[in-house]
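Q: Test case, fold it:
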Amino acid sequence: MSLLPELRYPSVTEIVSSARALAAHRPGLCSLRQVGSSRAGRPLQLLSVGHAARSVLVVAGAHANEPTGGSTLLSLAERVLRDRELRADTSWHFLLCADPDGASLHVTPAPRTLLDYHLGFFRPAGPEQPEWSPSVLPPDRLPPETRALTRVIDELRPYLQVTLHGTDLGGSWVQLTKDIPGLAEPFAKSAAELNIPVETGASDAAGWPASGPGVHVMPAPGSDLAYPSMPDDARHSTWYHAHRYGGLTAVVEVPMWASDLVDDPAPHPAPAAAMRRLARRLLQDAIQVESVLAEVLPRLPGPDGPLLRAAKWALELVPGLAGDWARTPPADSTMAYVGSVDAFGRRLPLRAAAMLLRVLQEADDRAAPPLERLVASWSEAFAERFRARWVPLEHQVEHQSRTVMAAARHARDRAA
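A: You can find the predicted model right below:
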């Protein structure tokens, strides 16, 4: 019987309960232990399966608003327990949730629409994100979740770390800190079988070399960034911590809602004009949210909570990012890339508005109803523009699981 709840994303409590049941059922193979605590004192739990010296580390819940990873992690743990070959010469370790505090604030376990998703939306400010904090904070100010994750990497020295991410609307793609030859083919095959588009021009990987459609390899340290204004450089994140032991990290992204507009590799006919237009819209949308924020701030009690900090941080990114987009776009800009930027440009102010709305609703502020109408309008326009279609949860999980397994197999061959 599957441990996965049907038709919805499990809570952290449910994930831990399922992991505890696995460990109790197979105590000779499984162990569950606490490896740290969050800022609010919530335990960080690691489920280990197998005893081999060579290891794979799978991390779920690094971003609170990307809930598929918890279900995928449980599915992977079940697979490893069922299949003796998978654990014959590799131990598997699963960090159940890297940010349980964030997970407690993102409250859409079974979203029916993008509006549902955004009405319960939370994603922390960059310095509060466990994987990203090393790229924006000095070592002595890292949050305890980050320190716990790096301690686990130091202990396990995994040849592969996989971190399970996702997107609200778009396609699937993979980001690698080192290339994994052979991964692109099974990744593409899985996506095709499950009717999930491959995001060939993901803005998250702008300017990165690709080893295959949707499989992006991070540029070497010292190379130029596509978006210089962005404060968080992936090359300084926890993704690179495994390199000191000869390992690498794969980031596996899967969509909740799919759009078939993100996998068009055709050259864009006028990318410079399109990017300038998207930059203008980004600024205009952000101004609408900032005007609400300026009006309500004198009425809000301090200090800022995590929702308000995150909303302000998202808005602070906008001017620099719009400037990056307005400059000369990449020479090989495709329809998929411009589409991905379009989605990101809608996503950023919408998220800020959604988190500010939750703050205003909590305060019963009079600005909440008109802001809710704006969030609803933007959510609907986002879904319509990209022809959003729901990806069944079992397909999200299956595709992410297959990609993790393929990455582990091919990375093992690479390390051999």
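Q: Tell me which residues touch G41, please.
A: Counting by CB atoms under 8 Å, 6 or more residues apart in numbering, G41 touches no other residue. For glycine as for every other residue, the C-beta is placed from the backbone atoms N, C-alpha and C.
Q: Quick check: phi and psi on the residue lying closest to P209 once chain neighbours are set aside?
A: Spatial nearest neighbour of P209, excluding adjacent residues (CB to CB, 6 or more residues apart in numbering): V217 at 5.2 Å. Note on V217: backbone dihedrals following degrees, to the nearest 10 are phi -110, psi 130.
Q: Which stretches in the stretch 201-350 of the chain count as helices?
A: 271-296, 306-326, 335-362 (DSSP state H, counting those that start in this stretch).
Q: Tell me which of these sits most buried.
A: helix 335-362 (a mean of 23; mean count of other CB atoms under 10 Å).
Q: shaky segments in the stretch 101-250 of the chain?
A: The model of the stretch 101-250 of the chain has pLDDT under 70 over residues 221-223, 232.
Q: now with 90?
A: 108-111, 135-136, 203-209, 218-237 (pLDDT under 90).
Q: Out of the helices of the stretch 201-350 of the chain, which gets nearest to A188?
A: Shortest distance between A188 and the helices of the stretch 201-350 of the chain, using CB to CB, is found for helix 335-362: 14.2 Å.
Q: Give me the packing partners of the helix or strand following the closest one, helices and strands only.
A: Using DSSP states H and E, the helix or strand that follows helix 335-362 in sequence is helix 368-385. Contacts defined by 3 or more CB pairs under 8 Å, 6 or more residues apart in numbering; DSSP states H and E place helix 368-385 against helix 114-119, helix 271-296, helix 335-362.
Q: and the gap between E185 and P213?
A: The gap separating E185 from P213 is 10 Å, by CB to CB, to the nearest Å.
Q: Which parts of the stretch 151-300 of the chain are strands?
A: 160-170, 173-176, 210-212, 215-217, 248-258 (DSSP state E, counting those that start in this stretch).
Q: in stretch 217-227, what counts as buried?
A: Neighbour counts over stretch 217-227 (16 or more other CB atoms under 10 Å) mark 217-219, 226-227 as buried.
Q: And stretch 261-273, by the same measure?
A: Applying 16+ other CB under 10 Å to stretch 261-273 flags 261-264, 268, 271 as buried.
Q: how long is it end to end?
A: 19 Å (CA to CA, to the nearest Å).
Q: For it, give me every contacting residue.
A: Outside stretch 261-273, the residues touching it (CB under 8 Å, 6+ apart) are 170-171, 197-202, 213-214, 274, 328-330, 332-340, 343, 386-387.
Q: Let me know the average pLDDT across it.
A: Across stretch 261-273, pLDDT averages out at 92.
Q: cool, stretch 394-403 as well?
A: 97.
Q: send the alpha carbons of that stretch over as PDB?
A: Extracted in PDB, the C-alpha atoms of stretch 394-403 (Å, rounded to 0.1, in the frame of the first residue of the first chain):
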ATOM      1  CA  GLU A 394       1.100  10.900  -9.600                       C
ATOM      2  CA  HIS A 395       2.700  12.100 -12.900                       C
ATOM      3  CA  GLN A 396       4.700  14.800 -11.100                       C
ATOM      4  CA  VAL A 397       6.000  12.300  -8.600                       C
ATOM      5  CA  GLU A 398       6.700   9.600 -11.200                       C
ATOM      6  CA  HIS A 399       8.700  12.000 -13.500                       C
ATOM      7  CA  GLN A 400      10.700  13.400 -10.700                       C
ATOM      8  CA  SER A 401      11.400   9.900  -9.300                       C
ATOM      9  CA  ARG A 402      12.500   8.600 -12.700                       C
ATOM     10  CA  THR A 403      14.800  11.500 -13.200                       C
END
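Q: Pretty sure L169 sits against E384.
A: No - using CB atoms under 8 Å as the test, L169 is too far from E384 to be in contact (11.0 Å).
Q: between these two, who's got more neighbours?
A: L169 (23 against 10; other CB atoms under 10 Å).
Q: Can you give me the domain assignment for the protein?
A: Here the domain parsing of the chain from automatic domain parsing is 12-261+390-415, 271-385.
Q: Deepest-packed of the ones you listed, please.
A: Taking mean count of other CB under 10 Å, domain 12-261+390-415 is the most buried of those, at a mean of 20.
Q: what separates it from the chain centre, distance-wise?
A: The chain centre lies 8 Å from the centre of domain 12-261+390-415; the measure is CA atoms, centre = their mean, to the nearest Å.
Q: quick one: contacts for the nearest residue to W325 once chain neighbours are set aside?
A: Setting aside the residues directly before and after it, W325 is nearest to A279 in space (CB to CB, 6+ apart), at 4.1 Å. Listed by CB under 8 Å, 6+ apart, the contact set of A279 reads 322-323, 325-326, 345.
Q: what's the average pLDDT for stretch 346-362?
A: 98.
Q: what do you get for stretch 15-33?
A: 96.
Q: Can you list the neighbours in contact with it?
A: 3, 10, 45-51, 60, 70, 73-74, 77-78, 81, 87, 94, 96-97.
Q: Among these, which ones are in strands?
A: Assigned to strands by DSSP state E, the following of the contacts of stretch 15-33 qualify: 45-49, 94.
Q: before we move on, back to that, with distance to S377 as extra columns, can I get the strands of the stretch 151-300 of the chain in TSV?
A: As requested, these are exported to TSV (distance: least, CB to CB, whole Å):
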stretch	distance to S377
strand 160-170	16
strand 173-176	28
strand 210-212	35
strand 215-217	33
strand 248-258	17
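Q: quick one: which of the ones you listed is nearest A311?
A: Nearest of the strands of the stretch 151-300 of the chain (CB to CB): strand 160-170, 16.7 Å.
Q: elements contacting that closest one?
A: strand 55-59, helix 68-82, helix 114-119, strand 248-258, helix 335-362, helix 393-415.
Q: ok, now which ones touch the residue nearest to T167 when sequence neighbours are not counted?
A: Nearest residue to T167, sequence neighbours excluded (CB to CB, 6+ apart): P255, at 5.0 Å. P255 sits next to 166-172, 196-197, 199, 391, 396 when contact means CB under 8 Å, 6+ apart.
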